[in-house]
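1. Have a look; sequence and predicted model below, questions after that.
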Amino acid sequence: MISPVLPVSRSEAVPGAPGLVEALESGSVLVFRDLDFPLDAFEQRFVERPFADGKAKNVAIRSETAALRGGAGSEEEQARLRDLLVRYRRFAENLIDTYLPAYRNKVSLAGTSYRPFDVDKRKLSWRRDDTRMHVDAFPSNPIGERRILRIFRNINAEGQPRLWRVGEDFGSMAEKFLPKLPGYSGLSASLLAALKITKAKRSEYDHLMLHLHDALKRDLDYQANAPQADVRFQPGETWVTFSDLVMHGAMGGRYMLEQTAYIAVADQADPEKSPQRILARKLGRPLKH
Ligand SMILES: [Fe+2]
């Protein structure tokens, strides 16, 4: 089964309808077609050419008060780009409060990014190649009992859609790949944390997710032949998904804004739908912390 894309129209949707949280937690990508996030005359330049130093993958702020990283342009331009990201952060927070009120005050916002580059034009190693379908996992930043919720917006000014592939449901994918993954060692996880290679101790969940991420991206036969659907996100559209649950690959498009947010598994409407619980059920035992 392909994870469905669920269009949500501001005029039709009843904000806070419980169905939206249920769909999101079940693996849907919610697409908001008509939310306003206008750029002013000065900001138009940010969608005309990339204001990025080209060293980092994205231009980002890690919090509302953090400095802009990876940006380029004059001091004023970088300050205005930072302002734009702060405004997008509030837009994303407002979207959660309005359409997913069950998550209100339970979500913590992480980084906000500006992504001006075309995904196709960067030559990356297979592990960093996000055109290959994957679920998100962060090598140095253990997630533990949290979920990764992401709010994206296409701000392309030339009509170019953002292209994604969306894959099969998490459980079916996990069934194929779990038997191939190496076992978890609490000892080496403690060592990685002691050496500050990871920001906290990697749990068994983090270990499995990192290895799933890599095993999926390495498997070219799976990439070509596994169930998948092409999705287009048009300029002006905003989409929201649990990127640790929904199999996705970014196939094209440039100029996008992205907000990452975390929510605890226990704060979900149904924690049983989390990848943490799905993996535990497939293994027939609780995961080690
Ligand atoms: Fe991703």
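-> Yep, it's here.

2. got the contact list for G70?
-> A52, D53, K55, A56, K57, N58, V59, A60 (Cβ atoms under 8 Å, 6 or more residues apart in numbering). C-beta: built from backbone N, CA, C; applies to glycine.

3. Got a PyMOL select line for the buried ones in the residues you listed?
-> Buried residues within the contacts of G70, by 16 or more other Cβ atoms under 10 Å, are selected in PyMOL with:
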select buried, resi 52+58+59+60
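
4. Could you dump the contacts of G70 into a markdown table with secondary structure and distance to G167 added?
-> Output for these, formatted as a markdown table (DSSP: H, G, I helix; E, B strand; the rest coil; distance: Cβ to Cβ, whole Å):
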| residue | secondary structure | distance to G167 |
| --- | --- | --- |
| A52 | strand | 29 |
| D53 | coil | 33 |
| K55 | coil | 31 |
| A56 | coil | 27 |
| K57 | coil | 22 |
| N58 | coil | 23 |
| V59 | strand | 28 |
| A60 | strand | 26 |
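
5. Nearest to L68 among the contacts of G70?
-> For the contacts of G70, the closest approach to L68 (Cβ to Cβ) belongs to V59, at 6.6 Å.

6. Quick check: the closest one vs M251, distance?
-> 21 Å (Cβ to Cβ, to the nearest Å).

7. ditto for S28
-> 19 Å.

8. Comparing those two, which shows the higher neighbour count?
-> More neighbours surround S28 than the other of S28 and M251, with 22 against 17 (other Cβ atoms under 10 Å).

9. Helices of the stretch 51-200 of the chain, residue ranges please.
-> 75-99, 170-177, 186-194 (DSSP state H, counting those that start in this stretch).

10. quick one: average confidence on the last one?
-> Put plainly, it is helix 186-194. Throughout helix 186-194, pLDDT has a mean value of 86.

11. Ok, the second one next?
-> The predicted model assigns helix 170-177 a mean pLDDT of 97.

12. Also stretch 260-277?
-> pLDDT averaged over stretch 260-277 gives 98.

13. Using PDB, list the CA coordinates for it.
-> Provided in PDB are the C-alpha atoms of stretch 260-277 (Å, rounded to 0.1, in the frame of the first residue of the first chain):
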ATOM      1  CA  THR A 260      11.500  20.200  11.800                       C
ATOM      2  CA  ALA A 261       9.600  19.500  15.000                       C
ATOM      3  CA  TYR A 262       9.600  16.800  17.600                       C
ATOM      4  CA  ILE A 263       6.800  15.200  19.500                       C
ATOM      5  CA  ALA A 264       7.100  12.500  22.100                       C
ATOM      6  CA  VAL A 265       5.700   9.100  21.100                       C
ATOM      7  CA  ALA A 266       3.600   9.200  24.400                       C
ATOM      8  CA  ASP A 267       2.000  12.500  23.200                       C
ATOM      9  CA  GLN A 268       0.800  11.000  20.000                       C
ATOM     10  CA  ALA A 269      -3.000  10.400  19.600                       C
ATOM     11  CA  ASP A 270      -2.000   6.700  19.100                       C
ATOM     12  CA  PRO A 271       1.500   5.800  20.200                       C
ATOM     13  CA  GLU A 272       1.000   2.300  18.600                       C
ATOM     14  CA  LYS A 273       1.300   3.900  15.200                       C
ATOM     15  CA  SER A 274       4.900   5.100  15.900                       C
ATOM     16  CA  PRO A 275       7.900   3.500  14.100                       C
ATOM     17  CA  GLN A 276       9.200   2.800  17.700                       C
ATOM     18  CA  ARG A 277       6.200   0.600  18.400                       C
END
